[in-house]
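Q: kindly generate the corresponding structure for this input.
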Amino acid sequence: MTKNNKMTPKKGDLRVWWIPQIPMKKSFKVRVNTLEEAAKILETLALYDLFQEKNKIKPDFSNTGGLQIWDPGCPDENGKCWVDWYNDKFSDFDEYLSSLEEKERS
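A: Here you go, the predicted structure:
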């Protein structure tokens, strides 16, 4: 495990999650530094699963994955603060981070 995955997360940190075989509930998670890095990792994981199917390593699969962001303002019942990142409400990642800062100030 890299040092990046062991560090305590702070506001705005990102991580990719990946479940290689549904209905498996436990996901593989890796911290990323940018949206571009997240996109590359998700694409690589998907292509790797396709490679395994094509080469009969896996007979079939149903995978899923996504990107999460650390938001200390909304812990769940387990005290965790990773939430799924999306941009339906925000025009870009910086706007989303700004909204978190505004939430902390209020």
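
Q: what comes up buried for whichever helix in the chain runs longest?
A: When the chain is parsed with DSSP state H, its longest helix is helix 35-54. For helix 35-54, a neighbour-count test (16 or more other C-beta atoms under 10 Å) marks Ala38, Ile41, Leu42, Leu45, Asp49 as buried. Where you see a C-beta, it was placed from the backbone N, CA and C, and this is true even at glycine.

Q: for it, give me every contacting residue.
A: With C-beta atoms under 8 Å, 6 or more residues apart in numbering as the contact definition, helix 35-54 has outside contacts at 14, 16, 18, 20, 28, 30, 32, 57-61, 63, 65-67, 93.

Q: ok, now with 6 Å
A: Leu14, Val16, Trp18, Val32, Lys58, Phe61, Asn63, Gly65, Leu67, Phe93 (C-beta atoms under 6 Å, 6 or more residues apart in numbering).

Q: buried among the residues you listed? Need that as a selection in ChimeraX.
A: Typed into ChimeraX, the line below selects the buried ones among these, using 16+ other C-beta under 10 Å:
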select :14,16,18,32,63,65,67
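
Q: which of the contacts of helix 35-54 scores worst on pLDDT?
A: Ranked by pLDDT, the contacts of helix 35-54 bottom out at Phe93, which has 44.

Q: quick one on the thing from earlier: just put the contacts of helix 35-54 in CSV and tack on secondary structure and distance to Thr8.
A: CSV is the format used below for the contacts of helix 35-54 (DSSP: H, G, I helix; E, B strand; the rest coil; distance: C-beta to C-beta, whole Å):
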residue, secondary structure, distance to Thr8
Leu14, strand, 15
Val16, strand, 18
Trp18, strand, 22
Val32, strand, 16
Lys58, coil, 35
Phe61, coil, 33
Asn63, coil, 29
Gly65, strand, 23
Leu67, strand, 19
Phe93, helix, 21
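
Q: out of the contacts of helix 35-54, which is nearest to Glu102?
A: Among the contacts of helix 35-54, Phe93 lies closest to Glu102 (C-beta to C-beta), at 15.2 Å.

Q: worst-scoring helix or strand of this protein, pLDDT-wise?
A: Of all helical and strand segments in the chain, the minimum by mean pLDDT, DSSP states H and E falls on helix 3-6, at a mean of 56.
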